[in-house]
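J.: Generate a structure from the sequence data that follows.
(2 chains)
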Amino acid sequence: MYQYIYDGFLSDQKYDKILTRIESKLTDLDIKGRLHKLTVQRSFENYLKEIADKKSDCLVIVGNDDTLAKILNIVVEKNIVLGIIPIGNKNRLADFMGIHREEKACEILAARKIEELDLGKVGGQYFLSSVEVEGEGVSILCNNKYEIKTLKGIQKIGIYNLCLEGQAQNIFNPQDEMLELLSFSKNKKNIFNFKKKELKETLIKIKQAKILSSSKTTSVLVDGSKIIKTPVDVCLAEKKLKIVVGKGRKF
Amino acid sequence: MSKEKDIETIIGSTVKVEGDFKGQGDVVVEGQVQGKLSTKGNLSVGENAKITADVSARNAIIAGELIGNLKVKDTLELTSTARVTGDIEAQILTVATGAKMNGNLKMGETKEIEKEKEKKEFEEID
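T.: Modelled structure (predicted):
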């Protein structure tokens, strides 16, 4: 059985027609299920737990990358297959998974091609994409064996499971059971416009790290949206994310 | 040496690595390393790189500065910009004009010496 979660931003009238088209398509494909609409009135986490506790083969989020970030922890903990119906522009994760927008995503959902992806864990929370820190003076203890310190000229350093930007995404494999530590310099015109053979930035495969506090940085950015205070432990999670993907996936 | 597509680890120019760094595949150093650096693959040290560490690798090309002992299983190449202060051990050595070396050099018979040492150790145990 499918369950669908509509993000709160979809309550705007401008999405009414799109949602009607999606619901009609789901009926045509015979994968219609129970709908849940997220609102600000209900405690978000309790609401999601309630939904996840009900037996379902697949929990489908209708929204964008932020919707996925909100639901990731619960989906992984409950070992539920995740589906995505992307709406709007902020859908880089769906693009990476080869999932088309709106009603075209329904066909991918019906095809049920499921892949298991690695996940990272930071401060007890799961992340799918990245943990990033900006600027020099950052110190990262890797595998308890060596420390990486950022120097002048650095823009940011991060620990990635997958990277969603331009050419950089080609060097990551979210199924290799490794995380990648990657740095970006300030002086690049387009920091993501590189190929592996031209890469002169730091690239180290790791499984575990600790991002330490410094005078200049006191927080990290998780999956481009959540902020967590340092020091913070980052590692490859034991659990995987089961997700419905499209043929055009980039891994 | 390795093809670039096989490179597994890159230490970029904007980072410094401190501690015991062990690589499995090929390693490229463009930044700074302090401590110990070893890999079972090939090592390439860029012109602006600075390594203050004991280093071991299968093959190595050094274009930057290395302070520490360098042990290379097969081929070592020092380019014209290389500056090495420490003992070197390699099977085959190529040195370009302008490269600076300060230290002892052992080459060619490294494997034989290791075998002899192993034999002696076994004899002592027996």
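J.: any idea how far the closest residue to chain A within chain B lies from A:Val60?
T.: Residue nearest to chain A within chain B: B:Gly19 (3.1 Å; Cβ to the nearest Cβ). Where C-beta positions appear, they are placed from N, C-alpha and C, glycine not excepted. To A:Val60, B:Gly19 is 45 Å away according to Cβ to Cβ, to the nearest Å.
J.: Per-residue pLDDT of the residue of chain B closest to chain A, please?
T.: You'll see B:Gly19 listed with a pLDDT of 96.
J.: who does it bridge with?
T.: Beta bridges link B:Gly19 to A:Tyr146, B:Gly35 when assigned by DSSP bridges.
J.: quick one on the thing from earlier: looking at B:Gly19 and A:Val60, which one has more neighbours?
T.: More crowded of B:Gly19 and A:Val60, by other Cβ atoms under 10 Å in any protein chain shown: A:Val60, with 23 against 18.
J.: what ranges of chain B fall below the confidence cut-off?
T.: Low-confidence segments of chain B, defined by pLDDT under 70: B:1-7, B:109-117, B:122, B:124-126.
J.: Recalculate using a threshold of 80.
T.: Applying pLDDT under 80 to chain B flags the ranges B:1-7, B:108-126.
J.: try the stretch 151-251 of chain A
T.: Within the stretch 151-251 of chain A, the stretches with pLDDT under 80 are A:163-172, A:186-200, A:213-218.
J.: can you give me the strands for it?
T.: According to DSSP state E, counting those that start in this stretch, the stretch 151-251 of chain A carries its strands in the segments A:154-160, A:179-185, A:203-206, A:208-212, A:219-222, A:226-229, A:232-236, A:241-244.
J.: want to throw these into JSON lines with mean neighbour count and distance to chain B?
T.: Listed next are these as JSON lines, based on neighbours: other Cβ atoms under 10 Å in any protein chain shown; distance: least, Cβ to the nearest Cβ, whole Å:
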{"stretch": "strand A:154-160", "mean neighbour count": "23", "distance to chain B": "4"}
{"stretch": "strand A:179-185", "mean neighbour count": "23", "distance to chain B": "5"}
{"stretch": "strand A:203-206", "mean neighbour count": "20", "distance to chain B": "4"}
{"stretch": "strand A:208-212", "mean neighbour count": "20", "distance to chain B": "12"}
{"stretch": "strand A:219-222", "mean neighbour count": "20", "distance to chain B": "17"}
{"stretch": "strand A:226-229", "mean neighbour count": "13", "distance to chain B": "22"}
{"stretch": "strand A:232-236", "mean neighbour count": "18", "distance to chain B": "16"}
{"stretch": "strand A:241-244", "mean neighbour count": "21", "distance to chain B": "25"}
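J.: Going by secondary structure, the closest residue to A:Lys54 other than its chain neighbours is in what exactly?
T.: Nearest residue to A:Lys54, sequence neighbours excluded (Cβ to Cβ, 6 or more residues apart in numbering or on different chains): A:Gln3, at 6.8 Å. Using DSSP states H and E, A:Gln3 maps to strand A:2-6.
J.: Please compute how far that strand lies from its chain's middle.
T.: On the basis of Cα atoms, centre = their mean, to the nearest Å, strand A:2-6 sits 18 Å off its chain's mean C-alpha point.
J.: and what of stretch A:150-168?
T.: Distance, stretch centre to chain centre, for stretch A:150-168: 16 Å (Cα atoms, centre = their mean).
J.: With stretch A:90-105 instead?
T.: Stretch A:90-105 sits 13 Å away from the centroid of its parent chain (Cα atoms, centre = their mean).
J.: Quick check: the gap between A:Lys205 and A:Glu180.
T.: Distance of A:Lys205 to A:Glu180, computed by Cβ to Cβ: 6 Å.
J.: got the residues of chain A near chain B?
T.: For chain A, the residues in contact with chain B (Cβ under 8 Å from any Cβ of the partner chain) are A:136, A:145-154, A:157, A:183, A:185, A:196-197, A:199-205.
J.: A:Tyr2 - nearest residue in space that isn't next to it in sequence?
T.: Per Cβ to Cβ, 6+ apart, closest to A:Tyr2 is A:Gly33, 3.3 Å.
J.: Backbone dihedrals for that neighbour, please?
T.: phi -150, psi -170 (degrees, to the nearest 10).
J.: burial of the residue in the stretch 51-200 of chain A that chain B sits nearest to, as a residue count?
T.: Closest contact between the stretch 51-200 of chain A and chain B, by Cβ to the nearest Cβ, is at A:Tyr146 (3.1 Å). The number of residues packed near A:Tyr146 is 20, by other Cβ under 10 Å.
J.: Please apply the same query to the one 3 residues further on.
T.: When neighbours are defined as other Cβ under 10 Å, A:Lys149 has 21 of them.
J.: likewise B:Lys36?
T.: Neighbours of B:Lys36 under the rule other Cβ under 10 Å: 16.
J.: Likewise for B:Met101?
T.: Neighbour tally, B:Met101, other Cβ under 10 Å: 18.
J.: these two touch, right, it and B:Leu93?
T.: No: taking contacts as Cβ atoms under 8 Å, B:Met101 lies outside contact range of B:Leu93: 9.5 Å.
J.: if I look at these two, which residues touch both of them?
T.: Residues within reach of B:Met101 and of B:Leu93 at once, by Cβ atoms under 8 Å, 6 or more residues apart in numbering or on different chains, are B:Leu78.
J.: sorry, back to before: out of the strands of the stretch 151-251 of chain A, the one nearest B:Gly86 is which?
T.: The closest of the strands of the stretch 151-251 of chain A to B:Gly86 is strand A:203-206. By Cβ to Cβ, the value is 24.4 Å.
J.: next one: the closest one to chain centre, how far?
T.: Put simply, strand A:203-206 sits 19 Å off its chain's centre (Cα atoms, centre = their mean).
J.: what do you get for stretch A:5-20?
T.: 22 Å.
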